[in-house]
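Chemist: Below: sequence and its predicted model.
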Amino acid sequence: MSDAKMLQLLLDGQTSIKKELREGFKSVGLRFDEVDKRIDKLGLQIARLEDDAPTVEEFEDLEKKVVKIQKNLVLD
């Protein structure tokens, strides 16, 4: 086999490897995009749940109200 053919085979092999790598990176990039969307969605859901949860102060106020109601019921 001549040197020119040997070099051409090597170059063709490198070209095909580069092409496969580019396609692989594209698919990995798409998967990361999908995961990022899922993480963003979960983050929004957690933030909404956190917004709905009572704060410590609100919980303490609720406890005070329950105690007042209990005292009123006992007195009645």
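Modeler: Arrived safely.

Chemist: now the helices for the chain?
Modeler: Using DSSP state H, the helices of the chain run over residues 3-52, 56-75.

Chemist: As TSV, those with mean pLDDT would be great.
Modeler: Output for the helices of the chain, formatted as TSV (pLDDT from 0 to 100):
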stretch	mean pLDDT
helix 3-52	88
helix 56-75	86
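
Chemist: Take those helices and write them to TSV, including mean neighbour count.
Modeler: Where C-beta positions appear, they are placed from N, C-alpha and C, glycine not excepted. Shown next, in TSV, are the helices of the chain (neighbours: other CB atoms under 10 Å):
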stretch	mean neighbour count
helix 3-52	10
helix 56-75	10
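
Chemist: For residue 51, see how far away the residue most central in space within the chain is.
Modeler: For the chain, the residue nearest the mean C-alpha position is residue 39 (1.6 Å; CA atoms, centre = their mean). Distance of residue 39 to residue 51, given as CB to CB, to the nearest Å: 19 Å.

Chemist: likewise residue 45?
Modeler: Noted for residue 45: a distance of 11 Å to residue 51, by CB to CB.

Chemist: Likewise for residue 8?
Modeler: Plainly put, residue 8 is 64 Å away from residue 51 if you go by CB to CB.

Chemist: number of nearby residues for residue 53?
Modeler: Residues near residue 53, counting by other CB atoms under 10 Å, number 9.

Chemist: separation between it and residue 59?
Modeler: Distance of residue 53 to residue 59, computed by CB to CB: 9 Å.

Chemist: Phi first, then psi, for residue 55.
Modeler: phi -80, psi 170 (degrees, to the nearest 10).

Chemist: and it, what does it touch?
Modeler: For residue 55, the contact set (CB atoms under 8 Å, 6 or more residues apart in numbering) is empty.

Chemist: Give me the pLDDT value at it.
Modeler: On pLDDT, residue 55 comes in at 80.

Chemist: what does residue 76 give?
Modeler: If you check residue 76, the pLDDT there is 63.
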